[in-house]
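Chemist: sequence and predicted model, in that order:
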Amino acid sequence: MSQIREIHDLEPDVFEREVRSFDHWFGAVQDYLSDLEHGHRADIAADDLAPDEVESLTTALCNYAVAETAALEASSGLVRIAPNRSSMIFLATQVVDEARHVEVILQRLEDIGVEDPTAEIERRATPAMLEFRDKLLHLVDTKQWDLAIFAQNVSLEAMEFAAFRAHASVGDPVTVDMLERMLRDERRHIGFGENEIARRLRTDPSRRAWIELVKNELEAFALNTFEHTAKALGVEKDTITKLGRDYREAVRRLGL
Ligand SMILES: [Fe+2]
Ligand SMILES: [Fe+2]
């Protein structure tokens, strides 16, 4: 607690450097990533999943794998075009987080009996998810820093946040434990994205129109992917509506 107060007493630029550092990252993840087995607590008894549960869980995990791999590729590409060292360092911590997410998802697919996760991911990825991935990677490849940060650290992260929370409301205990630990990482990534976009809009208001354009382009793909996954998992309609609203709210907080 006192550590949190201390960090908030720092000057804004020192604070920013501090929260984007590996020191901060280590402190944060030690709390929830120590002593795990494949990204979840080892002592949780795995449910015996019925065939239809395996089927819907496989589809959800395959789509998460596409999203997490896209975030891994995009965040590593963004290191190259980051405008300063504190952003580079933060993105390096994000690369590690996203690589871990990819790893634990692939492991979970194997644990529920998927023999060839790579082939299964290709087979089950939804068109909306693939379209979102391509658009994000295009923004990174064309070095559009603020638009790519918006696409990844606001739009994609907010979509994953909604999807994981919806899944956590109906999932089996092992998957839920794994997702809840990933959610802690995603929250950090969204914090960076919101901070970066808010600053960009403050210092260069002319970027608003461009960011809004990307927002409008990606929103339908993000919501479509989220709703598709949530429905397949049997999430209640009210929860889907509420989390869809949360997704829009995360974007609206930036005044977009
Ligand atoms: Fe992730
Ligand atoms: Fe993330």
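Modeler: Yep, it's here. Ligands and ions are numbered 1, 2, ... in the order given.
Chemist: hey, let's count contacts and neighbours off CA atoms from now on
Modeler: Will do.
Chemist: confirm Glu194 sits in a strand?
Modeler: No: read with DSSP: H, G, I helix; E, B strand; the rest coil, Glu194 is helix and lies in no strand.
Chemist: just give me the neighbour total for Ile112.
Modeler: Ile112 has 15 neighbours, counted by other Cα atoms under 10 Å.
Chemist: I figured it was touching Ser56, is that so?
Modeler: No: applying Cα atoms under 8 Å, one finds Ile112 not in contact with Ser56, separated by 11.4 Å.
Chemist: shaky segments in the stretch 1-150 of the chain?
Modeler: Along the stretch 1-150 of the chain, segments meeting pLDDT under 70 span 1-8, 10.
Chemist: quick check: residues of the stretch 151-256 of the chain near ligand 1?
Modeler: The stretch 151-256 of the chain comes close to ligand 1 at no residue, as judged by Cα under 5 Å from the ion.
Chemist: ok and the residue in the stretch 151-256 of the chain nearest ligand 1?
Modeler: With Cα to the ion as the measure, Glu186 is the residue of the stretch 151-256 of the chain nearest to ligand 1, at 5.8 Å.
Chemist: test my guess that that residue contacts Glu157.
Modeler: Yes: the criterion here is Cα under 8 Å, and Glu186 meets it with Glu157 at 6.2 Å.
Chemist: please say which of these two ends up with more neighbours.
Modeler: Shown here are Glu186 and Glu157; by other Cα under 10 Å, Glu157 has more neighbours (28 against 22).
Chemist: for the stretch 1-150 of the chain, which segments count as strands?
Modeler: 36-37, 40-41 (DSSP state E, counting those that start in this stretch).
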